[in-house]
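In: Pasted the sequence and its predicted model underneath.
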Amino acid sequence: MSDSGPADTDDRPPDTEDTEDTEELTAASAAAAAARYLAELTTARPLAATSVEQGEDGWTVEVEVLEDRRIPSSADRLALYRVDVALDGALQGYRRIGRYGRDSSDPTCER
């Protein structure tokens, strides 16, 4: 009786289903994961993924966030974050790479 439970689990390859799912991390799912991580770790609200690049170890995603809401909204302060997401979807790291006003005519960030 007790042999049927452990024998079944021992015969299965470890984490086969999870490994197959995580190998197929797409640019869209990496961008979504990056936005979720930023929302969880900062008080900033993600607005958009502005860049997604695949590397050997995972994805690098740049996410624009609303960092400081002001009135009028044209005075809002936005920020750009670089988020590194592993091929399995785990967060590898993030950092703010710039801040700028929503009304800024120059798209480059104040670093």
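Out: Yep, that arrived. Residues are numbered from 1 along each chain as shown.

In: okay, CA-based contacts and neighbour counts for the rest of this
Out: Noted.

In: Next, the contact list for R69, please.
Out: R69 is in contact with 75-77, counting by CA atoms under 8 Å, 6 or more residues apart in numbering.

In: Among those, show me the least confident.
Out: Across the set of these, A75 stands lowest in pLDDT, at 84.

In: That residue contacts R102, correct?
Out: Yes - at 6.1 Å, A75 and R102 qualify as touching, with contact defined as CA atoms under 8 Å.

In: before we move on, back to that, could you turn the buried ones of the contacts of R69 into a PyMOL selection?
Out: Buried residues among the contacts of R69 (16 or more other CA atoms under 10 Å), as a PyMOL selection:
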select buried, resi 76+77
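
In: So which of the contacts of R69 sit within strands?
Out: R77 (DSSP state E).

In: Export the contacts of R69 as JSON lines, with columns for distance to A30.
Out: Converted to JSON lines, the contacts of R69 look like this (distance: CA to CA, whole Å):
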{"residue": "A75", "distance to A30": "30"}
{"residue": "D76", "distance to A30": "27"}
{"residue": "R77", "distance to A30": "25"}
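
In: Okay then, goodbye and thanks.
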